[in-house]
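>>> got a sequence here, can you build the structure:
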Amino acid sequence: MKIVVIGGSGLIGKKLVSKLREHNHQVIAASPSTGVNTITGEGLAQALVGAQVVVDVVNAPSWEDKAVLDFFETSGRNLLAAEVVAGVGHHVALSIVGVDRLPHSGYYRAKVAQEDLIKASMVPYTILHATQFFEFVGGIAQEASDGQTIRLPPAFLQPILSDDVVTALADVTLGSPVNGIVEVAGPEKIHLDDLVRRFLSANNDTRQVITDAHARFYGTELEEDSLIPGDSARIAPTRFGDWLSRSHPQS
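The predicted model follows:
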């Protein structure tokens, strides 16, 4: 089966391409660096010739409100139009658990716009909603930092290892379209402020986390369960503490 991975040079894309190739599929890692650009359309039609499945794991270069919305809308329209012409039978997209609950976040609004385009398209689809990756906790801390202080709300996360996301994404890719959303999450609920404290401690980082229920998460306030999946979510096996131990064996 020919599978095209849009965003094939990124964190998830590289791992997904490798995993799918292990199953002896013809997998194209599509990105501007390989001559495929969903914004300009360059190389898109050629890459999709004969493709049965397209997986979209591309991310925006800028998270500024207008720029990120323009990116996902333009990329989504160009990609889905090209898939219709090529006769692609399954469009798979990676998105975020809770994306539709945070309308005050420009990035989340842009992801909702991307999902709306997918749902309105004629291409059968599956959208995988994943929780926040372990690998992004450092970025969350940096986004919320003010000098040596990090203000974060005590909302729950159910973070997940990127490798576990890739496993779920591969299963979705090789399955039939559900024309709906599938959720995947890590095995434990952890308060966001505590999650970052554990990460900082493992990195011997002396910044102080201040719990603040009104602190913003990428531009928006969180309810306790804003980023928690539903009861039917697929639960991945890797725990945050186990990942920290492997990543920071000196701790």
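>>> show me which residues of the host helix or strand of Ala82 are buried.
Element membership for Ala82, per DSSP states H and E: helix 65-86. Under the neighbour-count criterion of 16 or more other C-beta atoms under 10 Å, helix 65-86 has 68-72, 75-76, 78-83, 86 buried. From N, CA and C alone the C-beta is placed, and that goes for glycine too.
>>> cool, and stretch 8-27?
8, 10-17, 19-20, 25, 27.
>>> show me where this structure has helices.
11-22, 44-48, 65-86, 106-120, 137-143, 162-174, 192-202, 240-247 (DSSP state H).
>>> for the first one, what is the distance to the chain centroid?
With C-alpha atoms, centre = their mean, to the nearest Å as the basis, helix 11-22 stands 14 Å off its chain's centre.
>>> what's the nearest residue to Ser247 if we skip its chain neighbours?
Ala202 (7.4 Å; C-beta to C-beta, 6 or more residues apart in numbering).
>>> isn't the one you found up against Arg246?
No. The pair Ala202 / Arg246 is not scored as a contact, 10.7 Å apart, by C-beta atoms under 8 Å.
>>> higher neighbour count, the two?
For Ala202 versus Arg246, the count of surrounding residues by other C-beta atoms under 10 Å is larger for Ala202: 18 against 10.
>>> next one: the more buried one, what pLDDT does it get?
pLDDT recorded at Ala202 is 94.
>>> cool, and Pro249?
We have a pLDDT of 60 for Pro249.
>>> picking up where we left off before, distance from the chain centre to the helix holding Ala82, please.
For helix 65-86, the distance to the chain centre is 16 Å (C-alpha atoms, centre = their mean).
>>> what's the angle between that helix and helix 106-120?
Angle, helix 65-86 to helix 106-120, by axes from the mean of the first three to the mean of the last three C-alpha atoms, to 10 degrees: 20 degrees.
>>> which other helices and strands contact helix 65-86?
Applying 3 or more C-beta pairs under 8 Å, 6 or more residues apart in numbering; DSSP states H and E, one finds that helix 65-86 contacts helix 44-48, strand 53-56, helix 106-120.
>>> list of residues touching that helix?
For helix 65-86, the surrounding residues in contact (C-beta atoms under 8 Å, 6 or more residues apart in numbering) are 6, 38-39, 41, 44-45, 48-51, 54, 56, 58, 60-62, 91, 106-107, 109-111, 113-114, 117-118, 121-123.
>>> endpoints of stretch 227-241, how far apart?
End-to-end distance of stretch 227-241: 20 Å, with C-alpha to C-alpha, to the nearest Å as the criterion.
>>> average pLDDT across that stretch?
On average, stretch 227-241 scores 97.
>>> may I see the buried residues of that stretch?
Leu227, Ile228, Pro229, Ala233, Arg234, Ala236, Thr238, Arg239, Phe240.
>>> give me the neighbour count for Asp194.
Asp194 has 15 neighbours, counted by other C-beta under 10 Å.
>>> can we start the residue count at 617 from this point?
From this message on, residue numbering opens at 617, which makes the last subject Asp810.
>>> separation between it and His864?
Distance, Asp810 to His864, by C-beta to C-beta, to the nearest Å: 17 Å.
>>> correct me, but His720 touches Tyr834?
No. If you go by C-beta under 8 Å, His720 and Tyr834 don't touch, sitting 9.7 Å apart.
>>> who's more crowded, the two?
Tyr834 (16 against 11).
>>> how about that one, nearest residue that isn't a chain neighbour?
Closest to Tyr834 by C-beta to C-beta, 6+ apart is Ser721, at 5.3 Å.
>>> ok, that neighbour touching Thr836?
Yes. In this structure Ser721 lies within contact range of Thr836 using C-beta under 8 Å: 4.2 Å.
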